[in-house]
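*Asks:* From the sequence below, what's the structure:
(one chain, ligands or ions: 1)
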Amino acid sequence: MRKPILAGNWKMNKTRDEAIQFILQVDNKLPKSGVDCIVCAPAIILRDLVKRADTIQVGAQNMNENDKGAYTGEISPLMLKDTGVKYVIVGHSERRAYYNENDAVVNAKIKKALEFDLKPIVCVGENLEERETGKMQDVLKSEINKAFDGVVFEDPANVIVAYEPIWAIGTGKTATTEQAEEACKYIRELLAGIYGVKTADKIRILYGGSMNTKNVNDLVAQPDVDGGLVGGASLDADNFIALCKAF
Ligand code: PEP
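*Replies:* So this is what the prediction gives:
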């Protein structure tokens, strides 16, 4: 039985005060069990949020793949560990597009996150042209195989994949339930090809892309959709509570 996840990706939003206010507002209203409720916040406020979080869990949005060194402006895995976060987003399409986070970097980040006991939330997904030209499966196959090349882990619950079609991110255009299920099921098959069916059946696969309080129920009702990675709609406290209550 896979425990669902509702993870908010705040991106570059919320000051420290705004974020603390959010945590105080939502924390005692979230379901106490049955779903992992996570906010992935800007690195500079992670420690402040972890200190105040009870039911809600906190994740990071990025991490450098090296232990330490001359990487100006970067955050090391040890620094993240030090904040107390449990999760880190890897390979978000915005980082792939704007910060050259390619498949090799994604692969290195997953390995490094697991080495430091952080749970990677690995994002994959096709762009509009790739979908319209029937390449969705090719893209997912390539991204998953490269991301997980040589990646070993003991507990499949520590690895999370998010199917995030790029055409649905921040566009208000959500994948249909059939599209979301088809892609998440296919990702599970790919993972089964690498790790075997038993392990793949325990890995949580999320849908992300304009998920909101209106479409969340239908999307997460799909058998291979184990929750959501939510950007815009996760910024508002009441919305976040409602999204978490969909499980
Ligand atoms: C995201 O950034 O991961 C995302 C899914 O954004 P949005 O929900 O705003 O489309």
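*Asks:* in stretch 190-203, what's buried?
*Replies:* Residues of stretch 190-203 classed as buried: 190-191, 195, 200, 202-203 (neighbour count, 16 or more other Cβ atoms under 10 Å). Every C-beta, even on glycine, is put in place using the N, C-alpha and C of the backbone.
*Asks:* Now, the residues you listed that are in helices?
*Replies:* Secondary structure of these is defined by DSSP state H; positions in helices are 190-191, 195, 200.
*Asks:* Now the residues you listed in JSON lines, please, with extra columns for distance to the ligand and pLDDT.
*Replies:* Conversion of these to JSON lines gives the following (distance: Cβ to the nearest ligand atom, whole Å; pLDDT from 0 to 100):
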{"residue": "Leu190", "distance to the ligand": "20", "pLDDT": "98"}
{"residue": "Leu191", "distance to the ligand": "20", "pLDDT": "98"}
{"residue": "Tyr195", "distance to the ligand": "24", "pLDDT": "98"}
{"residue": "Ala200", "distance to the ligand": "22", "pLDDT": "98"}
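*Asks:* which residue lies farthest from the center of the protein?
*Replies:* Among the C-alpha atoms of the chain, the one most distant from their mean position (Cα atoms, centre = their mean) is that of Ala70, at 27.5 Å.
*Asks:* roughly how far apart are that one and Ile5?
*Replies:* For Ala70, the distance to Ile5 (Cβ to Cβ, to the nearest Å) stands at 35 Å.
*Asks:* Ok, Asn127 next?
*Replies:* Taking Cβ to Cβ as the measure, Asn127 falls 24 Å from Ile5.
*Asks:* With neighbour numbers in mind, choose between these two.
*Replies:* Ile5 (26 against 16; other Cβ atoms under 10 Å).
*Asks:* Neighbours of the residue lying closest to the more buried one once chain neighbours are set aside, how many?
*Replies:* Sequence neighbours aside, Gly227 is the residue nearest to Ile5 in space, at 3.9 Å (criterion: Cβ to Cβ, 6 or more residues apart in numbering). Residues near Gly227, counting by other Cβ under 10 Å, number 30.
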